[in-house]
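In: generate a structure from the sequence data that follows.
(2 chains)
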Amino acid sequence: MQMTQTTDEFTLVHAAQADVQAFGALYDRYVQRVYRFCYYRTNNKADAEDLTAQIFLAVLEALPRYRQQGHFAGWLFSIARNKINDHHRRVSHIPLDESTLPPLHADLEIKVEISQRKEQLMKLIQSLTEDERELIHFRYVAELSFAEIAQALKKNEDAVKKMLYRLIARLKDKLEADYE
Amino acid sequence: MNEHPSPEFEKEIRESFDAPKADPTFVLNLRATLLERTKMKNKNRKFIRFAWAGLIVVCLIVAVVASPRVVTALKQWLGYVPGIGYVEQGNFLRVLSAPVTVQKDGLTLTIEKGAADSQQTILLQHLEGYTLELDGLSGCNLPARLVLPNGTILNLISFEAGYEGDKGGPLTESYYGRYTFEAMPAQALQATLEIPCVMYDADYPDWKIDLQFEYADETQIAPVIEIPTIAYTESITPQNDLATAPASSTESTTIEGFSIVLESETSLPDGYILAGSYQWTDPRFDGFSVSPSEIQITDSNGREVTVQQTEPITRNTDPAIKNLPFAFQIIGKDYAFPLTISVKSIVATLTDTATFQFDAGANPQVGQVWDVNAQIPINQYLITIQTIKLISGRTPTELGFEFTVTSTPAIAYVSILDLNPVFIGDSGGGGGGGGGGGGAEMVETFTTSWALDNYSPAGFKTFAISDIGIFIQGTWQATWQPSSP
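Out: Next up, the predicted model:
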């Protein structure tokens, strides 16, 4: 069961703060999005699981102190971002460049036939800078709104929107150029 | 250059991320681990509540026969040990003499602080070198215990642990832990902490740590000083600046009897702990339904004060008690006093629910919209479901409904759930749906939607409306002047 909307987060968060047993509902709502985000930030299933566990433990501990300002998803993914950055620092001996990244689908057990265009798009995304990739992952993997991304990145919402629009335009131009 | 990307290209990007879903076993194990921890937290909170209630009883009984000066002194029995929190400050309050570190199996475990009063024994642990196991359940469910020299065993009441990075510590594989055990006898100064498996992990078994306590002296305990509530009762000036709220519907624009009650202060070397509670009398909201959402503390020059929310003296576990305890740790003392605590908005949820029925027909199609205009009165609100639309979710197998909702007076959010969702391939039953709303602003019209995997949208549906959220703007203030520097 997967919910696509998160707009009643205030209800869920408030319930989880008042009665920690209600934390399960928050977990159910976000666990797959957090996992997917971690998966694409690390390209590794084991690391994604490790980070997902760490993130929800951190959220559980911090929830009583969480003040319902802004968006819960923005707060949650700012914790996710910190954990992932910590992870990258700890494994910083692994350069985060394209040549050393494992194949995007290395962990997938299900073989998926990827179209050439899709594969090219994935390569283009892999060629982006770390910050650019993160932005793409926030938007299209974690499915965050611009306001939520802005909160997670501690940036202005309009600035985030502009950055992403420019990035998407650049990606599209490159992809189209490759196919001309 | 700043043009909105085409939906088709955005869809293409999304589809390029055909990530696997998390392994169901992992998801379930992690969920079980998290909920187990929440249970432990609940137990701890209930215990603290009972302990505090017990202390109150003592104070009240003595108040009948004692002079005001003595009563004040008794109330000051509650002390604050930095790092530990609130303790019962009596003749037998003991603290750990010195941190104790043990290294074993690649881990470094330090019991950094400890305190024992007549209600409980608290130990703070710092663990280095540990990596959280992913399977969640490592097969070791044996709790830690405290063993006294005479063989008496003090049982674990609760254990909380977390990643140290959450507390602003170094970004290493370090974890903090907080043990709460039964109370040590009044004269006991020695105990052995026996941990059958560190972090409930069978890979790190059989730890024994000898602990030496000493009677706490005044320098180790910060006194908790009662604030004369009557002098600091809130000033309430609710200001509804919501242009869209109908003039006649003032019910949603304030919360009856809301107040900020400052109850105690504690002076620390590097700041203060200010504790109190938000209280209200509004019959629409129970003890769990009100949450200030915008809180600010400023000094008399208007400078914002740096604060952290910290564990309050007690927590409200009874929905009938309209009281939300709080405690702020004020960082630093270099402020122009008095300080003003301001609540500028409150999120509150009505406890009332209602249902309505809807027939989607035998063969509803994605994108199909029904003009419903169903009016459902709940409490003093008239909720109107204007339209219902069948929508698809993230994947082709996810289907759900989007509701366009209006309300008089305006509300901030609402949950609309299918009471008995039917899933394709099932004979019926299953879990509930999601809900939604407009976020933390009151709007007259908004949509709320959800989609469930393998959900069958066809046929007669009963939807439940609940969790009607109200965003109340205003200014509620209390001022505080510390009684000691």
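In: touching, A:Asn148 and A:Arg81? I think so.
Out: Actually, residue A:148 is Glu rather than Asn. No: if you go by C-beta atoms under 8 Å, A:Glu148 and A:Arg81 don't touch, sitting 11.7 Å apart. Every residue, glycine included, has its C-beta placed from N, CA and C.
In: who has more neighbours out of the two?
Out: A:Glu148 (26 against 20; other C-beta atoms under 10 Å in any protein chain shown).
In: quickly find the element holding A:Gly24.
Out: Assigned by DSSP states H and E, A:Gly24 falls within helix A:23-42.
In: name the surrounding residues that touch the strand or helix carrying A:Lys162.
Out: Per DSSP H and E: A:Lys162 is located in helix A:157-179. With C-beta atoms under 8 Å, 6 or more residues apart in numbering or on different chains as the test, helix A:157-179 has contacts from A:117, A:120-121, A:124-125, A:128, A:132, A:135-136, A:139, A:146-147, A:149-150, A:153, B:1-6, B:9-10, B:13.
In: point me to the residue of the stretch 201-350 of chain B nearest chain A.
Out: Nearest to chain A in the stretch 201-350 of chain B, going by C-beta to the nearest C-beta, is B:Phe288, at a distance of 3.7 Å.
In: so that residue belongs to a helix, correct?
Out: No: counting by DSSP: H, G, I helix; E, B strand; the rest coil, B:Phe288 falls outside a helix, being coil.
In: residue 34 - how many residues pack around it?
Out: In the absence of a named chain, this looks at chain A. Neighbour tally, A:Val34, other C-beta under 10 Å: 26.
In: try chain B instead
Out: Using other C-beta under 10 Å, B:Leu34 has 22 neighbouring residues.
In: wait, doesn't it sit right on A:Ala58?
Out: No: if you go by C-beta under 8 Å, B:Leu34 and A:Ala58 don't touch, sitting 11.0 Å apart.
In: quick one: which of the contacts of helix A:157-179 sit in helices?
Out: A:117, A:120-121, A:124-125, A:132, A:135-136, A:139, A:146-147, A:149-150, A:153, B:9-10, B:13 (DSSP state H).
In: show me how to select, in PyMOL, the buried members of those residues.
Out: Here is the PyMOL command that picks out the buried ones among those, judged by 16 or more other C-beta atoms under 10 Å in any protein chain shown:
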select buried, (chain A and resi 120+121+124+125+132+135+136+139+146+147+149+150+153) or (chain B and resi 9+13)
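In: how about low-confidence regions in chain A?
Out: Along chain A, segments meeting pLDDT under 70 span A:1-12, A:14-15, A:17-22, A:65-70, A:89-115, A:179-180.
In: same check on the stretch 1-150 of chain B?
Out: B:1-3, B:19-20, B:36-77, B:131-141.
In: ranges for the helices of it?
Out: Taking DSSP state H, counting those that start in this stretch to define them, one finds helices in the stretch 1-150 of chain B at B:7-16, B:24-65, B:68-75.
In: output the host helix or strand of B:Ile346 as CSV, restricted to C-alpha atoms.
Out: Element membership of B:Ile346, judged by DSSP H and E, is strand B:339-349. Taking Å, rounded to 0.1, in the frame of the first residue of the first chain, the C-alpha atoms of strand B:339-349 are listed here in CSV:
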residue,chain,number,x,y,z
LEU,B,339,12.3,37.4,27.9
THR,B,340,9.0,37.1,26.1
ILE,B,341,7.7,33.7,25.0
SER,B,342,5.4,34.1,22.0
VAL,B,343,3.2,31.6,20.4
LYS,B,344,2.1,33.0,17.0
SER,B,345,0.1,30.1,15.7
ILE,B,346,-1.4,26.9,16.8
VAL,B,347,-2.4,23.8,14.9
ALA,B,348,-5.4,22.0,16.5
THR,B,349,-7.3,18.9,15.4
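In: list the neighbouring strands of it plus their orientation.
Out: According to DSSP bridges, strand B:339-349 forms sheet pairs with strand B:290-298 (antiparallel), strand B:460-480 (antiparallel).
In: which other helices and strands contact the next helix or strand after it?
Out: Note on strand B:339-349: by DSSP H and E, the next helix or strand toward the C-terminus is strand B:354-359. Helices and strands touching strand B:354-359, by 3 or more C-beta pairs under 8 Å, 6 or more residues apart in numbering or on different chains; DSSP states H and E, are strand B:369-378, strand B:381-392, strand B:460-480.
In: how about the shortest one, does it get close to chain A?
Out: No: judged by C-beta under 8 Å from any C-beta of the partner chain, strand B:369-378 makes no contact with chain A; its nearest approach is 14.8 Å.
In: centre of the chain versus that strand, how much separation?
Out: Taking C-alpha atoms, centre = their mean, to the nearest Å, one finds the center of strand B:369-378 at 34 Å from the center of the full chain.
In: helices or strands next to it in the packing?
Out: Using 3+ C-beta pairs under 8 Å, 6+ apart: strand B:369-378 touches strand B:354-359, strand B:381-392, strand B:460-480.
In: is it true that B:Leu324 touches B:Tyr278?
Out: Yes: under the criterion of C-beta under 8 Å, B:Leu324 makes contact with B:Tyr278 at 4.5 Å.
In: intersection of neighbour lists for those two?
Out: B:290, B:292.
In: tally of neighbours for B:Leu211?
Out: Count around B:Leu211 with other C-beta under 10 Å applied: 20.
In: pretty sure B:Thr192 contacts B:Gln212?
Out: No: using C-beta under 8 Å, B:Thr192 is not in contact with B:Gln212, being 10.5 Å away.
In: hey, what's in contact with both of those two?
Out: In contact with both B:Thr192 and B:Gln212: no residue, using C-beta under 8 Å, 6+ apart.
In: thinking again about what came up before, for the helix holding A:Gly24, name the packing helices and strands.
Out: helix A:9-18, helix A:45-62, helix A:72-90, helix A:130-140, helix B:24-65.
In: hey, what's B:Ile297 bridged with?
Out: Under the criterion used (DSSP bridges), B:Ile297 bridges to B:Ile341.
In: for it, which residues are in contact?
Out: Residues near B:Ile297 by C-beta under 8 Å, 6+ apart: B:304-305, B:307, B:328, B:330, B:339-342.
In: and what of B:Lys104?
Out: B:204, B:207.
In: please report the distance of it from B:Ile209.
Out: Per C-beta to C-beta, to the nearest Å, B:Lys104 is found 10 Å from B:Ile209.
In: so who does residue 155 touch?
Out: You didn't say which chain, so I picked chain A. Counting by C-beta under 8 Å, 6+ apart, A:Lys155 touches A:Ile149.
In: let's do chain B instead
Out: B:143, B:145, B:181-182.
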